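Asks: How does the following fold in three dimensions:
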Amino acid sequence: MASITFTLNDQTQTVDADPNMPLLWVLRDLLGLTGTKYGCGIGVCGICTVLVEGQAVRACLQPVSEIAGKRLVTIEGLSPDRSHPVQKAWLAENVAQCGYCQAGQIMNAVALLLQNPRPTDEDIDARMSDVLCRCGTYQRIRKAIHRAAEEV
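Replies: Model prediction:
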């Protein structure tokens with residue numbers, strides 16, 4: 001076990017965990033933040049995406065030891081009242097169907113807009129294609145990202 005300190009959703013957090021424990025399980029099991037979902041466990045589906053230093057990261061693959069001293073944002077920390085432009089756009093465009101992939105989709109979209117505030121359809125498709133949506137709401141996702149880009 002190791003004591004690992006990082007900034008989580010603008011709060012300093014210290015956990016005692018096996019350094020190789022995936023960040024996903026630290027968030028869900030040790031910290032009780034269940035907004036980040038488990039999908040495939042091998043980094044393919046993107047459902048567990050969180051932001052580490054503003055970059056989209058697969059929490060199922062990220063050992064907690066590698067986030068020591070870094071800034072991490074989960075879906076819970078994006079905004080306390082769904083007022084983040086991406087969250088508002090998601091609601092306005094009725095993106096979610098089953099909703100299971102939405103936290104990963106939203107966090108991936110936020111990372112995209114941090115890096116590219118005015119993405120083209122091609123930029124969006126390239127970036128968002130690595131987060132799977134079984135419901136197939138990709139057209140609404142694209143519209144929501146364009147809407148959010150107008151606000152950021």
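
Asks: where does the chain have low pLDDT?
Replies: Along the chain, no part satisfies pLDDT under 70.

Asks: how about the strands in it?
Replies: 2-8, 11-17, 49-52, 55-58, 71-73 (DSSP state E).

Asks: so which of those strands gets nearest Arg140?
Replies: Taking Cβ to Cβ, strand 49-52 is the member of the strands of the chain nearest to Arg140, at 18.1 Å. Heads up, the C-betas are built off the backbone N, CA and C, glycines and all.

Asks: Listing partners with orientation, what would you give for the closest one?
Replies: When sheet partners are counted by DSSP bridges, strand 49-52 sits next to strand 55-58 (antiparallel), strand 71-73 (antiparallel).

Asks: Quick check: bridge partners of Gln11?
Replies: Leu8.

Asks: care to break the chain down by domain?
Replies: Here the domain assignment for the chain is 2-77, 85-151, based on automatic domain parsing.

Asks: With mean neighbour count added, can I get these in JSON lines?
Replies: Formatted as JSON lines, the domains of the chain follow (neighbours: other Cβ atoms under 10 Å):
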{"stretch": "domain 2-77", "mean neighbour count": "18"}
{"stretch": "domain 85-151", "mean neighbour count": "18"}
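
Asks: Using JSON lines, lay out the strands of the chain together with distance to Leu23.
Replies: Below are these laid out as JSON lines (distance: least, Cβ to Cβ, whole Å):
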{"stretch": "strand 2-8", "distance to Leu23": "9"}
{"stretch": "strand 11-17", "distance to Leu23": "10"}
{"stretch": "strand 49-52", "distance to Leu23": "7"}
{"stretch": "strand 55-58", "distance to Leu23": "8"}
{"stretch": "strand 71-73", "distance to Leu23": "8"}
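
Asks: returning to that earlier point: so which of the strands paired with strand 49-52 comes closest to Cys133?
Replies: Smallest distance to Cys133 across the strands paired with strand 49-52 (Cβ to Cβ): 15.5 Å, for strand 55-58.

Asks: okay, the closest one in CSV with CA atoms only?
Replies: Only the C-alpha atoms of strand 55-58 are listed here, as CSV (Å, rounded to 0.1, in the frame of the first residue of the first chain):
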residue,chain,number,x,y,z
GLN,A,55,-6.2,15.2,-21.1
ALA,A,56,-8.7,12.4,-21.6
VAL,A,57,-7.4,9.3,-19.8
ARG,A,58,-8.9,5.8,-19.5
